[in-house]
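Q: Turn this into a structure:
(one chain, ligands or ions: 1)
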Amino acid sequence: MENIEQHVKIEKQKARELRKSRWWQNKIATQCQCYYCAKSLSRDLVTMDHVVPLSQGGVSSRGNIVPSCKECNNIKKNRTASEWLWDSISDSSLVPIEESHTSHQLADVRE
Ligand SMILES: [Zn+2]
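A: Below is the predicted model:
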């Protein structure tokens, strides 16, 4: 496994390139909204955030980079990835909870 500091350095450079790319410019022009709190952002307030932090082995790929407001970006930076993940699961409507409903219903209809 390569040195994590080296990895972060390389991926940060890639992120800088991506920030200038048409893909990113287009993304923040059409979908100027924080990925985490869904707040609408003016273009100069958008920051680039890695869903999987570089320090956790994340990469600067299109699939791992999202627009984020400064607040969310800072909160995330100050936490470990697992804590953040837990928070976003516990208060996010993006996570389907159908399965637990289903199992309750099954429990109710048993003889
Ligand atoms: Zn936000």
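Q: make it CA atoms for all contacts and neighbour counts henceforth
A: Fine.
Q: Show the contacting residues for Met48.
A: Arg19, Ile65, Val66, Pro67, Ser68 (C-alpha atoms under 8 Å, 6 or more residues apart in numbering).
Q: cutoff 6 Å now
A: Val66, Pro67 (C-alpha atoms under 6 Å, 6 or more residues apart in numbering).
Q: Just list whatever residues bridge to it.
A: Counting by DSSP bridges, Met48 is bridged to Pro67.
Q: how close does it sit to the ion?
A: Here Met48 is placed at a distance of 11 Å from the ion (C-alpha to the ion, to the nearest Å).
Q: Could you report the pLDDT at that residue?
A: According to the prediction, Met48 has pLDDT 93.
Q: Kindly report the same for Lys70.
A: 92.
Q: Neighbours of it, how many?
A: 16 (other C-alpha atoms under 10 Å).
Q: What of the one 3 residues further on?
A: Neighbourhood size, Asn73 [other C-alpha under 10 Å]: 19.
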